[in-house]
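Enquirer: Predicted model and sequence follow; I will ask about them next.
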Amino acid sequence: MEETGLVVKVYLDIILLVNFMMDFFILWVTGKAANLPIKLTRLMWGAVLGALYSLVILLPEWSVFSSFFAKNVCAVIMVGVAYRPQSVGKFVRTLAYMYLLSFTMGGAVFAAVSLTDTAPGYIQAWNGMGILWGIHYLWLAIGVVVALFLGYSGLSCLRKSWLQQQLLNSLTIYFQKQKIVVPALLDTGNQLTDPLTKKPVIVVESEALEKVLPKEILQKISEEDSEISELLASLEENWAARLRVIPFNSVGKRHGLMIGFRPDLIVIKNRRKEIITSDVVLGLVNKSLSREGQYRALLHPQILQEH
């Protein structure tokens, strides 16, 4: 190709091979990030389409093929060939993952080159495409490995964080005209119910309720060998009427007993709705439920299903 006096030798086999490998890895990690079934044959066909599209750099007279619209159409077709999402939402999410991973891979390549190579080369924009000059293909391989690690692990963390954000709720607890607000996570594994009333149990850190619960209650809960009868005897009548004992099983502890209290009212708020109810029991635990402190209570799924 020639432009402004610059002459460049183009090797079609290298262009096709490099783009095929890059597109294949991007599509593969995209499937992992989106939790889609991966079929190598479909991935290869998607990568082949991406590699063939890279040849539009050799068609300057057909600039429409290197336009923003054409590039996005190619990306849509590649995802459609490599995967068959069941819904429009999942397809758009998969496409977003592919774009994010593409940016991650490109950034990893140039970051690795710039940090370690004394003569890193440069990029020449031509016909709507970026051309690598003076960059050894070993760096492309290293960039792929780095991008796969960062993209796959990073997206897994992002997906987990996004999922937790969707499950987070604001929980307001009322006790005798006092209230406390704590972040609560919807926990589908929480199946605890009060054996007496069959009301669902919300597991709450005892320290989160220190402003509304009497000190003697918090002290007894902090004592692992404390007797429930001693706690009941130390409580005032109005608090004793709220007391519940909830049997539970957990890892390392079978046939355990959890101290619970019936609140006057709770209000659960999330992005979709607000729930007001008193048909719950608060089960107190003497430990942190989240290492990062993102939530301090675990909601029973029955509460959200019934309201």
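Expert: On my side now, so go ahead.

Enquirer: from here on, contacts and neighbour counts on C-alpha atoms
Expert: Will do.

Enquirer: List the buried residues in stretch 282-300.
Expert: Under the neighbour-count criterion of 16 or more other Cα atoms under 10 Å, stretch 282-300 has L282, G283, L284, V285, S288, L289, Y295, R296, A297, L298, L299, H300 buried.

Enquirer: any idea how far the last one is from L95?
Expert: Between H300 and L95 the computed distance is 34 Å (Cα to Cα, to the nearest Å).

Enquirer: again, but for the second one
Expert: From G283 across to L95, the span is 43 Å (Cα to Cα).

Enquirer: repeat for the third one
Expert: From L284 across to L95, the span is 44 Å (Cα to Cα).

Enquirer: Likewise for the fourth one?
Expert: When distance is defined by Cα to Cα, V285 is 42 Å away from L95.

Enquirer: Where do the strands of the stretch 1-150 of the chain begin and end?
Expert: 2-3, 6-7, 122-126, 129-133 (DSSP state E, counting those that start in this stretch).

Enquirer: In terms of mean pLDDT, which of these ranks lowest?
Expert: Note on the strands of the stretch 1-150 of the chain: strand 122-126 shows the lowest mean pLDDT, a mean of 44.

Enquirer: ok, how many other residues are close to S87?
Expert: Applying other Cα atoms under 10 Å, we find 9 residues neighbouring S87.

Enquirer: circling back to that earlier point, which of the buried residues of stretch 282-300 sit farthest apart?
Expert: Using Cα to Cα, the pair of those lying farthest apart is S288 and H300, separated by 17.5 Å.

Enquirer: end to end, how far does stretch 276-290 reach?
Expert: Span of stretch 276-290 from end to end, Cα to Cα: 25 Å.

Enquirer: hang on, I meant stretch 178-192
Expert: 26 Å.

Enquirer: buried residues in that stretch?
Expert: Buried-residue list, stretch 178-192, by 16+ other Cα under 10 Å: V181, V182, P183, A184, L185, L186, D187, N190, L192.

Enquirer: Low-confidence ranges, the stretch 151-300 of the chain, go.
Expert: 151-166, 223-230, 232, 250-255 (pLDDT under 70).

Enquirer: Going along the chain, name the helices of it.
Expert: Taking DSSP state H, counting those that start in this stretch to define them, one finds helices in the stretch 151-300 of the chain at 215-222, 228-234, 237-240.

Enquirer: What average pLDDT does stretch 91-105 get?
Expert: Here the average pLDDT along stretch 91-105 is 82.

Enquirer: mind listing what's buried in it?
Expert: So stretch 91-105, judged by 16+ other Cα under 10 Å, has buried residues F91, T94, L95, Y97, M98, L101, S102, T104, M105.

Enquirer: next one: stretch 191-202
Expert: Buried positions in stretch 191-202, judged by neighbour count with 16+ other Cα under 10 Å: L192, T193, D194, K199, P200, V201, I202.

Enquirer: From start to finish, how long is that stretch in a straight line?
Expert: Termini of stretch 191-202 sit 10 Å apart (Cα to Cα).

Enquirer: Other residues contacting it?
Expert: When contacts are defined by Cα atoms under 8 Å, 6 or more residues apart in numbering, stretch 191-202 is touched by residues 244-248, 279-283, 297-303.

Enquirer: Run a quick neighbour tally on the nearest residue to V81 once chain neighbours are set aside.
Expert: Counting by Cα to Cα, 6 or more residues apart in numbering, G46 is the residue found nearest to V81 once chain neighbours are left out, at 5.5 Å. Applying other Cα under 10 Å, we find 24 residues neighbouring G46.

Enquirer: Then T30?
Expert: Neighbour number of T30 under other Cα under 10 Å is 30.

Enquirer: same deal with I246?
Expert: I246 is flanked by 21 other residues according to other Cα under 10 Å.

Enquirer: Tell me who's in contact with it.
Expert: Counting by Cα under 8 Å, 6+ apart, I246 has contacts L192, T193, D194, P195, L257, M258, I259, G260, G283.

Enquirer: and with 7 Å instead?
Expert: Going by Cα atoms under 7 Å, 6 or more residues apart in numbering, I246 touches D194, P195, L257, M258, I259, G260.

Enquirer: what residues are up against the nearest residue to it once chain neighbours are set aside?
Expert: Nearest residue to I246, sequence neighbours excluded (Cα to Cα, 6+ apart): M258, at 4.9 Å. M258 makes contact with V245, I246, P247, G283, L284, according to Cα under 7 Å, 6+ apart.
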